[in-house]
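show me how the following folds:
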Amino acid sequence: MSHIDECERQERRQTLIRLENEHAMLDDEVSMLISSPGSDQLHVGRLKRRKLHLKDTIVKLKSSLLPDLPA
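Model prediction:
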């Protein structure tokens, strides 16, 4: 069973908020670029990969904040 103290839990929550905000900003930027004619598809692809990486990190972080449940 994994135990994290309240200080570390708070740090993880703050990190989670920061990552979710960054993900939302990237989502807006990708949407704007896709709707713009002549946008750099390589740049869009990089932003999408960054978004996916952030999403994976967010899911792992959320999972680490869930309390351990007995089997």
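
alpha carbons only for contacts and neighbour counts from here, please
Fine.

pLDDT below threshold where in the chain?
1-4, 68-71 (pLDDT under 70).

identify the residues contacting the residue sitting nearest the centre point of it.
What sits nearest the mean C-alpha location of the chain, by C-alpha atoms, centre = their mean, is L54, with 3.3 Å. With contact set as C-alpha atoms under 8 Å, 6 or more residues apart in numbering, L54 has these partners: 19-20, 23.

that one in helix, strand or coil?
helix (DSSP: H, G, I helix; E, B strand; the rest coil).

could you pull out the helices for this protein?
Remark: helices assigned in the chain by DSSP state H are 6-35, 41-65.

that older thread, turn the contacts of L54 into a markdown table, columns for distance to E6 and neighbour count.
Converted to a markdown table, these look like this (distance: C-alpha to C-alpha, whole Å; neighbours: other C-alpha atoms under 10 Å):
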| residue | distance to E6 | neighbour count |
| --- | --- | --- |
| L19 | 20 | 18 |
| E20 | 21 | 17 |
| H23 | 25 | 21 |
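
name the nearest of these relative to R50.
Distance to R50 across those (C-alpha to C-alpha) is lowest for H23, with 8.4 Å.

number of residues surrounding the closest residue to the closest one other than its chain neighbours?
Closest residue to H23 apart from its sequence neighbours, by C-alpha to C-alpha, 6 or more residues apart in numbering: K51 at 5.7 Å. By other C-alpha atoms under 10 Å, the residues close to K51 number 21.

got the phi and psi for D40?
phi -80, psi 110 (degrees, to the nearest 10).

that one: how many residues sit nearby?
11.

for it, which non-adjacent residue is spatially closest?
L33 is the one closest to D40 (C-alpha to C-alpha, 6+ apart), at 7.9 Å.

likewise for V30?
Nearest to V30 is V44, by C-alpha to C-alpha, 6+ apart, at 6.1 Å.

just checking, that neighbour touches S31?
No. V44 is not in contact with S31 according to C-alpha atoms under 8 Å; the separation is 9.2 Å.
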